[in-house]
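Undergrad: Sharing a sequence plus its predicted fold:
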Amino acid sequence: MLGGREITYHSDLDLLLVYEADGTVAAGPELSTHADYFTELAQRVIKTMSRMGPMGRLYEVDMRLRPTGKSGSLVIPLGEFTRYYDEGGAQLWERQALTRARVVFGDEAFGGNVMQAVWTDIYNVRWGPRIADEILAMRKRVEASGSKRDLKRGFGGIVD
């Protein structure tokens, strides 16, 4: 999934790679699990997109938004994705990041299933004053991490 739709100067791509279910696939003469196959494919795509060329890098790819962050798998089956959010493992900022998610490649019907799961995960939170306070505190931390003239994190910046 890829969100935002407004790549700006020095933006990175936050990717979340979801596949349908565990299984196997023919990878040359051998069989490979979906997890292994899609992990290797993801590594190749990330390396290609992130490689420095004569005119710079195509994109900086950020994979930290996946469930369990850097320690998690590069690719996850849809069931594991929904389980992570259903069982309360996700933090509020992770749910907020999903509000910008969109499918950019894959089977259209499966993409619809992924987006349905995303919307369920975003809104499967009991909203109240505690959540509003947490959002405000997060925004203040982001604003404090940049200068007043920071176009991204400053007051009224892209983040807002």
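TA: On my side now, so go ahead. Treat the numbers as computed from the prediction; the structure is a model and nothing was measured.

Undergrad: use CA for all of it now, contacts and neighbours both
TA: Will do.

Undergrad: what sits against residue 84?
TA: Counting by Cα atoms under 8 Å, 6 or more residues apart in numbering, residue 84 makes contact with 67, 90.

Undergrad: Just confirm it is within a helix.
TA: Yes: when DSSP: H, G, I helix; E, B strand; the rest coil is applied, residue 84 is found to be in a helix.

Undergrad: if I look at it, how far off is residue 108?
TA: Residue 84 is 23 Å from residue 108, where distance means Cα to Cα, to the nearest Å.

Undergrad: Let me see the contact set for residue 97.
TA: Residue 97 sits next to residue 65 when contact means Cα under 8 Å, 6+ apart.

Undergrad: do you know how far it is from residue 123?
TA: Per Cα to Cα, residue 97 is found 12 Å from residue 123.

Undergrad: again, but for residue 156
TA: Residue 156 is 25 Å from residue 123, by Cα to Cα.

Undergrad: And for residue 65?
TA: 18 Å.

Undergrad: try residue 32
TA: For residue 32, the distance to residue 123 equals 36 Å [Cα to Cα].

Undergrad: neighbour count winner among the two?
TA: Using other Cα atoms under 10 Å as the criterion, residue 32 and residue 123 rank with residue 32 on top: 15 against 12.

Undergrad: Identify the bridge partners of that one.
TA: Taking DSSP bridges as the rule, residue 32 bridges to residue 25.

Undergrad: Show the contacting residues for it.
TA: Taking Cα under 8 Å, 6+ apart, we find residue 32 in contact with 24-26.

Undergrad: With pLDDT added, can I get these in JSON lines?
TA: Converted to JSON lines, the contacts of residue 32 look like this (pLDDT from 0 to 100):
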{"residue": "24", "pLDDT": "89"}
{"residue": "25", "pLDDT": "88"}
{"residue": "26", "pLDDT": "87"}
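
Undergrad: Let me know the closest of these to residue 131.
TA: Closest approach to residue 131 among the contacts of residue 32 (Cα to Cα): residue 24, at 41.3 Å.

Undergrad: State the distance from that closest one to residue 54.
TA: Residue 24 is 38 Å from residue 54, by Cα to Cα.

Undergrad: between these two, who's got more neighbours?
TA: residue 24 (14 against 6).

Undergrad: Nearest residue to that one in space, please, no chain neighbours.
TA: residue 33 (4.2 Å; Cα to Cα, 6 or more residues apart in numbering).

Undergrad: Repeat that for residue 153.
TA: Of all residues not flanking residue 153 in the chain, residue 143 sits nearest, at 5.1 Å (Cα to Cα, 6+ apart).
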